[in-house]
Every structure is written in structure tokens, then in C-alpha cells.
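>>> Fold the following.
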Amino acid sequence: MIKLYLLAICFFIISCSNNSSKTAKLDIIDIPYALENPKDVNLSQFVKSIEYIQLEETDQTMLFLPLIEVTDDFIIARNSGPSAMGPILLFDRKTGKFIRGVGKSGRGPGEFQMGNSTIYNIYSKTLYGLSYSHNDILEFDTDGNFLGNIKLPIMIDEKVDPKMGTPGINLNQYLKEDLFIASIQNFTGWDKRRLIIFSRDSIIKIFPNYLFWKRENWKFLNSIGLTSNFFRWNDQLSFKEEFNDTIFQITENSLIPRFVFLTGGLNPQPELMEQRIDLEILAKYYFIKDITENNDYLFFQLQYEKNMYTCVFDKKDKSTTMCRLYDGNKSAIIDDINGFMPIRPRIITQNNEMIFKLEADDITKWVKANPEKAKTLGKNMEWVNSISPVDNPVIVIAKLK
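Predicted coordinates for the structure are as follows:
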């Protein structure tokens, strides 16, 4: 009751502060019910055709846990994690052949550190990389030409010890060709900023934060909850914060609530950011990841009790389905079209294509465990039996109904 009351207050404050006349009917996503009633979910329910694109591997294109974006012409990849170095890599959308690298990682002029989550802007058709200083974003066209810098606003917080660095902002997403969005990392507990919309030369809008907390421990500055999940459909951008139960649509002037996750009180709290990371503690909470949508469905991943569940919300009948666990602790959509590896949706493009990445090592393990199935896979899947564990990943592009 307390959580619902606070949520209602937040909605009221947001609507008043933004002077918006827009309203939205909230859809409820019931996670506890879905967890208690898992089902086998088949890919044919959503998909009418599937492509598998193996990314060419050369000395220039070795990928490690890459982030992937798919456009009409390119598959765009960049390394993440400990190996987040090297240029942005462009592969042919149809064949997976390597086309070119864009930019260069490093500390010099025109060089970037891959710290930004956004790579490609669908409106300007340009590519982004975060500078080593974290003070600006470097912009390139897809031919590899450097177009210049986008300066990131710096907003000083006088309460923060300068030894901890200057609190700045990042580029998390874009709203239009020249309107960018930063989601603020409220690691102090008192930051009044929530989202910032900025242009190439000024701050356009600051959405206020209402979720404050009192930090007692300054020894641990964990990354839990410091990123928001942004996703786009029908030219509308939405987002969900780790410590908030609600998905909002972002406009230039408003945050419009769209969906609410019922969590039974298991939504993570900001205080987790001041604790030493403990997997046993984290396993007690619901963490919502990789949200994406189209006209009919909203897909997401639920991390809970050391498992990752694939979930589907049906927008028409307002039902939430959780894919049943198999092989112990895996949950995914069953490929009943080709009889191949199950799918965990990560992105839906504006062309209504579901994108998923299959790591080569996982494919070889599947072939070893399913030798007979591997022999009967459909046309244009001969690569399954010749792929090496150290090859580049295979990109799944599934055309949705």
C-alpha cells in the first residue's frame, strides 16, 4: 500500500511539474503471477521468418561480448566489457561481410573510449563514441569521416567531494537528430536531476528526480541501478529506471507513464548502491533488463534468484507470460520454426525485426549436445556444423508478424 501511494504521488507531481495535458492508461505487468505460471512459448507465435548472419572474422574484427545494432544497410558492432577497445565495426546487413572500421579508440584528439551505450542515431544516421575525458561525444558518418564533437554539459554538485571527480552526464539516448538524453546516476542519494535533454550547445530540459535516499556508506559506489533501460518503437522513446516500477515515454516536455510492473515488494532499492556487491543479496530482487516492444508485445528479461527469465507482455489481452526454465536455469522462446537454439529477444528495430546475438561458443555446445538436430536444420544453415568456438557471433534477425 505504501509503495502504491508513493507511486501515485510521483505520477501527480510529474504531471503537474511538466504542465502536460497528456494522459496514459497504465498497463499492469504482473511478475509474481507469471513466475508462478511459466509456459512453453513458441517463436512461431511472433515470427514469420528468420535470418542468421554470421559476422566475418578478420584480424580487424575480433569481437568480445559486442553490443549490436542493425540498420537497413549495416550490422554495427562494438566490443564491451574488459575488451571495449578498437573502432566501431560495420558489417554488411545481408552477408555479414566486414565493410570498415569507424573511428579509433584512445586518448588523443578524435579518439574515443567506448563508454556510451548509444552507437547509432537513426535520424542523423551517424555514429557516436565517448571521448576519453568523458566531456564530449565524437560523431562520425558511416563512411568513417569524423564530423566533430558534441559537448556534454557539466553540472557541478558542491556536496560531492572533488576527489570523487566532477559529476557530469553521458549520452544515453537521443530523442531526435539533435536532441540527446542523459540519465543521471544518483549515486549520492540527493541528486535532484533525473533526465536531461540537451542539444549540441545547451540544456533544453531537466526532469526532476523524486527518489532520494540517505547514503551512509561511501566506501562502495556500485554500478547497480546506474543505467536506465531505453527502447524505441513507432518513433517514441521510452525508459525504465532500475529502482522504479514504471515505464515512461519521453517527450520534449513530459514523462508519460505507460506500464507498471507489479513486483510484490521485490523491486530493488537505491540503498543497494552503497553495499558491497553480494550475489546472494541481489538474487532476492527483481531486476528488469532488455525491454523492447512492437505494436503487439513488450518483451523483457527478468533476473531473479540467479536465473534470467524471458518474459512477454501481450498488449491486446494484457497478459504476462514467462518462458519456462529448461536445462536447469535457462528461459527463452522455443525455436519451433527451425528447431534451432532458443531465442531471447534483445532489440526490436523500427522495421519490426527482432534482433538476438548467438555466441559461437554457445552454438558449438548446442551442436555437440544435439548432433541429430544439427544435421536436419534448414537451408542456408550449413555453417552450424563448421563454426568454431572462437568465431565471431551469429546475428539472428527475425521478421515479426
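>>> Which residues does stretch 334-344 contact?
Around stretch 334-344, the neighbours that count as contacts under Cβ atoms under 8 Å, 6 or more residues apart in numbering are 40-44, 47, 50, 290, 301, 308, 310, 323, 326, 330-333, 354, 356, 358, 362-363, 366, 373, 376-378, 381, 384, 396, 398. The C-beta positions use only the backbone N, C-alpha and C, and glycine is treated the same way.
>>> Revised request: answer the last question for stretch 106-122.
Here stretch 106-122 makes contact (Cβ under 8 Å, 6+ apart) with 67, 69, 71, 76, 78-80, 84-85, 88, 103-105, 126-132, 134, 137-138, 146, 170-174, 177, 227, 230, 232, 350.
>>> Narrow these to those that are buried.
The neighbour-count criterion (16 or more other Cβ atoms under 10 Å) marks 67, 69, 71, 76, 78-79, 84, 88, 103-105, 126-131, 134, 137-138, 170-174, 230, 232 among the contacts of stretch 106-122 as buried.
>>> burial of the closest residue to Lys357 other than its chain neighbours, as a residue count?
If the residues on either side of it in the chain are set aside, Lys357 comes closest to Pro393, at 5.0 Å by Cβ to Cβ, 6 or more residues apart in numbering. Pro393: 25 surrounding residues under other Cβ atoms under 10 Å.
>>> Ok, Phe356 next?
When neighbours are defined as other Cβ under 10 Å, Phe356 has 22 of them.
>>> now swap in Arg93 and tell me
Arg93 sits with 19 neighbouring residues when counted by other Cβ under 10 Å.
>>> give me every residue that touches it.
With contacts defined as Cβ under 8 Å, 6+ apart, the neighbours of Arg93 are Ile53, Val70, Thr71, Asp72, Asp73, Phe74, Ile75.
>>> which residues does the second one bridge with?
This means Val70. Taking DSSP bridges, one finds Ile75 as the beta-bridge partners of Val70.
>>> so it touches Ile395, yeah?
Yes. With contact taken as Cβ atoms under 8 Å, Val70 and Ile395 are classed as touching, separated by 7.1 Å.
>>> Ramachandran angles for Met381?
The phi/psi pair for Met381 (degrees, to the nearest 10) reads phi -120, psi 20.
>>> That one: how many residues sit nearby?
Counted with other Cβ under 10 Å, the burial measure for Met381 works out to 15 neighbours.
>>> Pairing partners for the residue lying closest to it once chain neighbours are set aside in the sheet, please.
Nearest residue to Met381, sequence neighbours excluded (Cβ to Cβ, 6+ apart): Tyr52, at 6.5 Å. Partner residues in beta bridges with Tyr52: Val396, with DSSP bridges as the criterion.
>>> For Phe300, what is the enclosing helix or strand?
Using DSSP states H and E, Phe300 sits within strand 297-304.
>>> quick one: strands adjacent to that strand?
Using DSSP bridges, the strands paired with strand 297-304 are strand 287-293 (antiparallel), strand 307-314 (antiparallel).
>>> Relative to Lys25, which of those is closest?
strand 307-314 (14.3 Å; Cβ to Cβ).
>>> Who are the packing partners of the helix or strand harbouring Phe356?
Take DSSP H and E as the rule and Phe356 turns out to sit in strand 353-358. Counting contacts by 3 or more Cβ pairs under 8 Å, 6 or more residues apart in numbering; DSSP states H and E, the secondary-structure elements packed against strand 353-358 are strand 67-70, strand 347-348, strand 394-400.
>>> So which of those is nearest Asn217?
Closest among the helices and strands packed on strand 353-358, using Cβ to Cβ: strand 67-70, at 31.7 Å.
>>> and the closest one, what other elements does it pack with?
Based on contacts counted as 3+ Cβ pairs under 8 Å, 6+ apart, the elements that strand 67-70 packs against are strand 74-78, strand 347-348, strand 353-358, strand 394-400.
>>> which parts of the last one are buried?
Neighbour-count burial for strand 394-400, counted by 16+ other Cβ under 10 Å, picks out Val394, Ile395, Val396, Ile397, Ala398, Leu400.
>>> Turn these into JSON lines, columns for distance to Ile184 and pLDDT.
Compiled in JSON lines, the buried residues of strand 394-400 are given as follows (distance: Cβ to Cβ, whole Å; pLDDT from 0 to 100):
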{"residue": "Val394", "distance to Ile184": "36", "pLDDT": "95"}
{"residue": "Ile395", "distance to Ile184": "32", "pLDDT": "96"}
{"residue": "Val396", "distance to Ile184": "34", "pLDDT": "95"}
{"residue": "Ile397", "distance to Ile184": "34", "pLDDT": "96"}
{"residue": "Ala398", "distance to Ile184": "35", "pLDDT": "95"}
{"residue": "Leu400", "distance to Ile184": "33", "pLDDT": "97"}
